[in-house]
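> sequence isn't available, so here's the structure alone:
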């Protein structure tokens with residue numbers, strides 16, 4: 001758990017000493033950021049408290065009047081096996097500790113330890129409990145194979161099965177306090193995934209987005225953590241950082257792969273300790289936001305190369321989604337084409353144009369290194385210049401360029417189309433069949449047909465004129 005807010009379950013402190021209960025409650029609130037805390041001084045009331053409240057963790061004193069801690073430990077294990085129990089004792093006795101662990105205690109803590117150390121042990125139990133909840137939630141959600149809140153992804157146009165599986169995973173981890181790492185090429189829609197996660201999380205605060213690319217360490221710290229008046233020359237007034245702006249919401253850090261090592265250390269501390277220091281302050285403040293990060297870079301390669309901290313990498317990828325590039329989901333191109341044509345027409349104050357039948361197939365041959373963002377820009381440009389009812393192919397062909405066209409698949413990944421033939425066609429016949437099929441698929445558009453065949457348009461035109469494809473020309 002990233003200790004930025006109270007867990008979804010209650011924490012019950014049981015002790016017959018009021019001063020100890022008060023002291024530990026204050027420590028857990030101030031040092032661990034936990035606030036969903038209940039207390040009980042009478043051991044006879046513990047089981048009733050558990051029956052009437054959603055308790056996930058019990059901190060249990062060992063020596064109490066009426067019912068001992070060991071007796072309650074057995075009762076809790078029998079009636080509420082899902083509850084995690086930590087035993088607290090004034091005695092550091094190995095035999096007693098072992099016996100408590102046999103009865104099902106998660107940990108055994110000695111009261112004479114420093115309170116911050118005790119809080120750390122309790123926080124570890126909370127983290128484990130929440131990880132168990134996350135796992136159960138993900139398992140249940142993914143097993144259903146159906147989105148519960150498809151409206152959260154309304155801004156992402158897709159029918160791709162892989163994308164729908166990704167949506168299901170995002171739904172499953174939406175309420176987890178753990179960080180989420182979103183990877184994918186530029187333009188695939190990583191920020192849209194962060195927005196969907198924020199909506200699904202049901203957080204009261206807002207989504208705050210920070211692009212950290214190009215920020216040096218000082219600017220990064222000031223941007224995230226803010227500063228007090230006089231913290232440095234020119235700091236004439238206090239300024240809230242983005243962490244504070246995102247209280248009870250989501251902090252989305254884009255291009256996280258560009259962070260310097262010094263800034264990575266600061267981010268790691270924020271995630272591990274759940275606290276930060278505004279510049280010029282010696283008083284820590286609690287992190288109270290969900291952290292989501294994104295990058296187009298390969299963090300594993302950067303970690304192996306020594307430019308990205310390993311501990312931060314594994315901390316960030318507790319939950320991880322990879323958004324596939326557009327070229328790997330060509331089935332989305334017709335959907336995106338129709339969507340952006342309508343959007344562009346509305347924005348530009350024009351009537352939605354009708355695309356040529358062959359346009360979607362042409363776009364499917366493009367590589368789109370800029371992904372959905374590039375396709376959107378291409379469509380907007382075409383709509384802005386079109387005059388007739390039918391959208392022109394010229395703008396798209398010019399924008400695509402030769403380097404955009406997807407290369408043919410390696411021969412060892414494609415079946416030989418002639419493998420099942422008893423009598424092989426001649427070269428002339430094979431060429432005729434191939435050109436004819438390309439022209440059919442391109443609906444007579446020679447530019448598109450040439451691209452499908454991997455030859456130049458003049459070369460295709462020459463073949464058409466030579467009569468090799470007479471059977472095609474006679475029927476087209």
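Perfect, I can see it now. Bear in mind that the values here come from a model prediction, so they are computed numbers and not experimental data.
> contacts only, for residue 331.
Listed by C-beta atoms under 8 Å, 6 or more residues apart in numbering, the contact set of residue 331 reads 159-160. Backbone N, C-alpha and C define where each C-beta goes, glycine included.
> just checking, it is part of a helix?
Yes. With DSSP: H, G, I helix; E, B strand; the rest coil as the criterion, residue 331 is part of a helix.
> close enough to count as contact, residue 288 and residue 248?
Yes. Counting by C-beta atoms under 8 Å, residue 288 does reach residue 248; the two are 6.0 Å apart.
> of those two, who's got more company?
Counted by other C-beta atoms under 10 Å, residue 288 and residue 248 do not tie: residue 288 has more neighbours, with 19 against 13.
> can you tell me how far that one is from residue 319?
Using C-beta to C-beta, to the nearest Å, one obtains 19 Å as the distance from residue 288 to residue 319.
> check whether residue 441 really touches residue 451, as I assumed.
No. The pair residue 441 / residue 451 is not scored as a contact, 10.8 Å apart, by C-beta under 8 Å.
> quick one: which of these two has more around it?
More neighbours surround residue 451 than the other of residue 441 and residue 451, with 25 against 13 (other C-beta under 10 Å).
> what's the distance between the more buried one and residue 341?
Residue 451 is 22 Å from residue 341, by C-beta to C-beta.
> strands along the stretch 201-350 of the chain, start to end?
207-211, 226-227, 239-240, 250-254, 275-276, 285-286, 290-295, 319-322 (DSSP state E, counting those that start in this stretch).
> who wins for proximity to residue 72 among those?
strand 285-286 (31.7 Å; C-beta to C-beta).
> next up, the contacts around residue 203.
Applying C-beta under 8 Å, 6+ apart, we find residue 203 in contact with 248-250, 290.
> where does pLDDT dip in the stretch 351-476 of the chain?
Under the criterion pLDDT under 70, the flagged ranges of the stretch 351-476 of the chain are 402-415, 417, 419-423, 443, 467-476.
> for residue 97, which non-adjacent residue is spatially closest?
residue 108 (4.0 Å; C-beta to C-beta, 6 or more residues apart in numbering).
> give the partner strands of the host helix or strand of the one you found in its sheet and their orientations.
Residue 108 belongs to strand 107-110 when assigned by DSSP states H and E. Paired neighbours of strand 107-110 in the sheet (DSSP bridges): strand 84-89 (parallel).
> contacts for the partner strand?
Contacts for strand 84-89 (C-beta under 8 Å, 6+ apart): 15, 56-63, 69, 73, 76-77, 96-97, 100, 104-111, 118, 121-122, 125, 128-129.
> again, only this time at 7 Å
For strand 84-89, contacts defined as C-beta atoms under 7 Å, 6 or more residues apart in numbering pick out 56-63, 69, 73, 76, 96, 100, 104-111, 121-122, 125, 129.
> elements contacting the very next helix or strand once past that strand?
The first helix or strand that comes after strand 84-89 along the chain, using DSSP H and E, is helix 94-102. The criterion is 3 or more C-beta pairs under 7 Å, 6 or more residues apart in numbering; DSSP states H and E, and the helices and strands that helix 94-102 contacts are strand 107-110.
> quick one, domains of the chain?
The chain breaks down into these domains under automatic domain parsing: 10-137, 152-324, 327-404, 424-475.
> make a markdown table out of those domains and add distance to residue 418.
Listed next are the domains of the chain as a markdown table, based on distance: least, C-beta to C-beta, whole Å:
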| stretch | distance to residue 418 |
| --- | --- |
| domain 10-137 | 51 |
| domain 152-324 | 32 |
| domain 327-404 | 23 |
| domain 424-475 | 6 |
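> indicate which one of those domains is closest to residue 416.
domain 424-475 (10.8 Å).
> report the buried members of the contacts of strand 84-89.
Among these, those classed as buried by 16 or more other C-beta atoms under 10 Å are 56-62, 69, 73, 76, 96, 100, 105-109, 111, 121-122, 125, 129.
> show me what counts as buried in stretch 79-99.
Across stretch 79-99, burial judged by 16+ other C-beta under 10 Å covers 80, 83-89, 96-97.
> this completes my enquiry, with thanks.
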